[in-house]
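Colleague: Just to be clear, the model below is a prediction. Sequence and coordinates:
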Amino acid sequence: MMTKTYQLKLGPLTRDLPLIQLNQDLTIASFVLLGDAELTHYAATQFTELLSDVSFDYLVTIESKGIPLAQELSWLTHHDRYIVLRKSVKDYMQAPVEQPVSSITTSADQELVLDGTDADLIRGKRVVIVDDVISTGGSVLTAKQLIEQADATVVEQVAILAEGDAAERKDIRYLEKLPLF
Ligand SMILES: Nc1ncnc2[nH]cnc12
């Protein structure tokens, strides 16, 4: 199978990302972090350095591609717990808080959900949002809204890649740019 690719360079690592046409006007270089232990570990060590002068209580990530990154970064920065915002309400949640979201890779309406027990945990605390890619910024914006509804403060928003216009944002920190095609 011949698929066109974009070569991503991240520090010592290179990855050939397949180009996926989403619609007539938009093709993305598909970056799937899940399963890539080497890149996840490298990114987590870079963020550990980046956040070394940032005081925070919890990392918050978004299901599902941010989870292994948050796990590794939490551990490296000596935080025993981190928060995962889910994409649907689960039966075991207590008083879940829901917020609609729009995203580049999902055509149908999506939502993010903060479990009420996690909302209690972060109330009044300083949190860092961490994700694999920030593109339109829809997910991160929704995450920020949920966190602020829980009376917590977002002190940093970090992602491995900033895609398209996201690379111009001054309110996020990232390791590399990712073009749109
Ligand atoms: N380039 C990309 N690859 C995978 N997931 C994405 N979500 C947003 N942009 C993406």
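Modeller: Perfect, I can see it now.

Colleague: max-length helix in this protein?
Modeller: If you go by DSSP state H, the chain has its longest helix at helix 37-50.

Colleague: how about that one: buried residues?
Modeller: Neighbour-count burial for helix 37-50 flags Leu39, Thr40, Tyr42, Ala43, Ala44, Gln46, Phe47 (criterion: 16 or more other Cβ atoms under 10 Å). All C-beta spots, glycine's among them, are computed from the backbone N, C-alpha and C.

Colleague: Quick check: residues of the chain near the ligand?
Modeller: Ile28, Ala29, Ser30, Phe31, Ile104, Thr105, Val133, Ser135, Glu163, Leu178 (Cβ under 6 Å from any ligand atom).

Colleague: what about the last one, neighbour count?
Modeller: The one in question is Leu178. As a burial measure, Leu178 scores 22 neighbours (other Cβ atoms under 10 Å).

Colleague: just to revisit the earlier point, helices and strands around the longest helix of the chain, which ones?
Modeller: Contacts defined by 3 or more Cβ pairs under 8 Å, 6 or more residues apart in numbering; DSSP states H and E place helix 37-50 against strand 5-10, strand 13-23, helix 67-76, strand 153-163, strand 173-178.

Colleague: The last one: partners in the sheet, and parallel or antiparallel?
Modeller: Right, strand 173-178. When pairing is defined by DSSP bridges, strand 173-178 lines up against strand 153-163 (parallel).

Colleague: can you list the helices and strands packed on helix 37-50 in CSV and add mean pLDDT?
Modeller: Output for those, formatted as CSV (pLDDT from 0 to 100):
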stretch, mean pLDDT
strand 5-10, 98
strand 13-23, 97
helix 67-76, 98
strand 153-163, 98
strand 173-178, 98
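
Colleague: Kindly present those as JSON lines, with separate columns for distance to Val54.
Modeller: Shown next, in JSON lines, are the helices and strands packed on helix 37-50 (distance: least, Cβ to Cβ, whole Å):
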{"stretch": "strand 5-10", "distance to Val54": "21"}
{"stretch": "strand 13-23", "distance to Val54": "24"}
{"stretch": "helix 67-76", "distance to Val54": "12"}
{"stretch": "strand 153-163", "distance to Val54": "6"}
{"stretch": "strand 173-178", "distance to Val54": "10"}
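
Colleague: Having no further points to raise, I will conclude here.
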